[in-house]
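J.: Pasting the sequence and the predicted model now:
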Amino acid sequence: MSSPASPRSRALETAYVVHVQSGSRIQGALASAPLFVAVAELDGKSQVPDFARAMRTLAQTHHVLLSPSRARRPFVVVEPTYLPVTHKRALVDAVFDTFQTACEVAFVPAPVCAALAAATENALVIELDAGTTTVTPVCAFYELPFVARTSTRAVEDVALARTPAELDEIYFARADDHDDDGELPLDELAARVLFALPIDVRAAAAAHVVFAGPAAGIAGLRALALARIRTAVAARQPFHRAVEGGNAVLAVRGVATLGAVAGAALYLGRADAGAASLAGCFTGRGAVVDRAGWEASGRRTVPDWACPA
């Protein structure tokens, strides 16, 4: 006689994962089948994207979620490093209004999920989105947003084929000797983030560089980026050796990832078997919003990592 399913396996079977990619598009998939991904495009020019329309697009692909006969279904939102609170509110609204079976929404950082899907707890995650590039360190499965940096050096249309020369111009060319912080080349951005980390964390992050986001699949970009990052790191090492001591060489290595959606499913799979809801799977105050609490707060309470509750 088979034993009843544990709360952990029920969460993994029923949860739906929504990945917001820096305002350009949304991916959705069942946690139990993370490679069957539906995609909904967002209007990047709107101040607040039309998440309701995106949810309806995902619902049309995974239409079984709309069936009133289905059991209560938790949602997991994989969010980019700097998702505004106004976007989070609109997103929770869209989930609860579109999916009547939705019972709660958990927010988890995309860099952590990307690292988990790369089988590493420490990483330097480079999110290559349409319009922005963000570099975020992850330490022991915790995002370090206070060190993360974002640049506008990025492709606008990830569907277009790019030559090595075009990629070099977009991501690595120096405009002048005084690049604005928000316009830093990718290699300089990554080097600054690495050397802002404590020494013991720095080496582990550099040894696990993870490329994520829609532009990560552009042919030749990851190899070119790794080569340029190694050069930028090597140029900075003599100064840091003189200040910090030691003579170890900082090794920069890339690692493959299955993607943030798969990482969120793996996160659920690692959750405590005693968890009766997503609140037991994901740590952090305010990380989970349930339907009743959402209505009681006037549809306003969402996690804000910059201003924790």
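T.: Right, received. Where do you want to start?
J.: Skip ahead from the helix or strand that contains residue 232 and say which helix or strand is next.
T.: Following DSSP states H and E, one finds residue 232 within helix 221-244. Going down the chain from helix 221-244, the next helix or strand is strand 254-255, by DSSP H and E.
J.: Check which helices and strands that next one sits against.
T.: Packing partners of strand 254-255 (3 or more CB pairs under 8 Å, 6 or more residues apart in numbering; DSSP states H and E): strand 209-212. All C-beta atoms are positioned from the backbone trio N, CA, C, and that covers glycine.
J.: could you dump the strand it packs on to PDB, C-alpha only?
T.: Extracted in PDB, the C-alpha atoms of strand 209-212 (Å, rounded to 0.1, in the frame of the first residue of the first chain):
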ATOM      1  CA  VAL A 209      29.800  32.300 -13.100                       C
ATOM      2  CA  VAL A 210      26.200  31.600 -14.200                       C
ATOM      3  CA  PHE A 211      24.700  33.300 -17.300                       C
ATOM      4  CA  ALA A 212      20.900  33.600 -17.200                       C
END
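J.: In terms of secondary structure, what does it contact?
T.: helix 110-116, strand 123-128, helix 221-244, strand 254-255.
J.: so which of the ones you listed is the most packed in?
T.: With neighbours defined as mean count of other CB atoms under 10 Å, these peak in mean count at helix 110-116, which reaches a mean of 29.
J.: Reformat the helices and strands packed on strand 209-212 as TSV; add distance to residue 199.
T.: Shown next, in TSV, are those (distance: least, CB to CB, whole Å):
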stretch	distance to residue 199
helix 110-116	20
strand 123-128	15
helix 221-244	6
strand 254-255	21
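J.: quick one: which of these has the weakest pLDDT on average?
T.: Among the helices and strands packed on strand 209-212, helix 221-244 carries the lowest mean pLDDT, at a mean of 87.
J.: Which secondary structure elements does that helix sit against?
T.: Judged by 3+ CB pairs under 8 Å, 6+ apart, the packing partners of helix 221-244 are helix 164-171, helix 186-195, strand 209-212.
J.: now the first one: mean pLDDT?
T.: It stands for helix 164-171. For helix 164-171, mean pLDDT rounds to 92.
J.: Tell me what the residue nearest to residue 16 when sequence neighbours are not counted is bridged to.
T.: In this structure, residue 16 finds its nearest non-sequential neighbour in residue 75, 5.2 Å apart by CB to CB, 6 or more residues apart in numbering. For residue 75, the beta-bridge partners are residue 16, residue 105 (DSSP bridges).
J.: Quick check: residue 75 touching residue 101?
T.: No: taking contacts as CB atoms under 8 Å, residue 75 lies outside contact range of residue 101: 9.7 Å.
J.: Spit out the residues that contact these two alike.
T.: Common contacts of residue 75 and residue 101 (CB atoms under 8 Å, 6 or more residues apart in numbering): none found.
J.: ok, the two, which is more surrounded?
T.: Neighbours per residue (other CB atoms under 10 Å) separate residue 75 from residue 101, with residue 75 holding more: 26 against 18.
J.: Next up, the contacts around residue 114.
T.: Shown in contact with residue 114 (CB under 8 Å, 6+ apart): 123, 125, 127, 210, 212, 257, 259, 260, 263.
J.: and the gap between the third one and residue 184?
T.: When you say that, I think you mean residue 127. Using CB to CB, to the nearest Å, residue 127 is found at 15 Å from residue 184.
J.: any idea how far the closest residue to residue 124 other than its chain neighbours is from residue 288?
T.: With sequence-adjacent residues excluded and distances taken as CB to CB, 6+ apart, residue 124 is closest to residue 205, at 4.4 Å. Look at residue 205 and residue 288: by CB to CB, they are 28 Å apart.
J.: which one of those two has more residues nearby?
T.: Just comparing residue 205 and residue 288: by other CB under 10 Å the higher neighbour count belongs to residue 205, 27 against 22.
J.: Tell me which helix or strand the more buried one sits in.
T.: Going by DSSP H and E, residue 205 is in helix 199-206.
J.: Now do that helix: which elements does it pack against?
T.: Checking 3+ CB pairs under 8 Å, 6+ apart, helix 199-206 ends up next to strand 123-128, strand 133-139, helix 186-195.
J.: what residues are up against the residue nearest to residue 114 when sequence neighbours are not counted?
T.: Counting by CB to CB, 6+ apart, residue 212 is the residue found nearest to residue 114 once chain neighbours are left out, at 4.2 Å. Going by CB under 8 Å, 6+ apart, residue 212 touches 110, 111, 114, 125, 126, 127, 128, 257, 259, 260.
J.: Is the fifth one bridged to anything, and to what?
T.: Going back to what we said before, that points to residue 126. Residues in beta-bridge contact with residue 126 (DSSP bridges): residue 135, residue 211.
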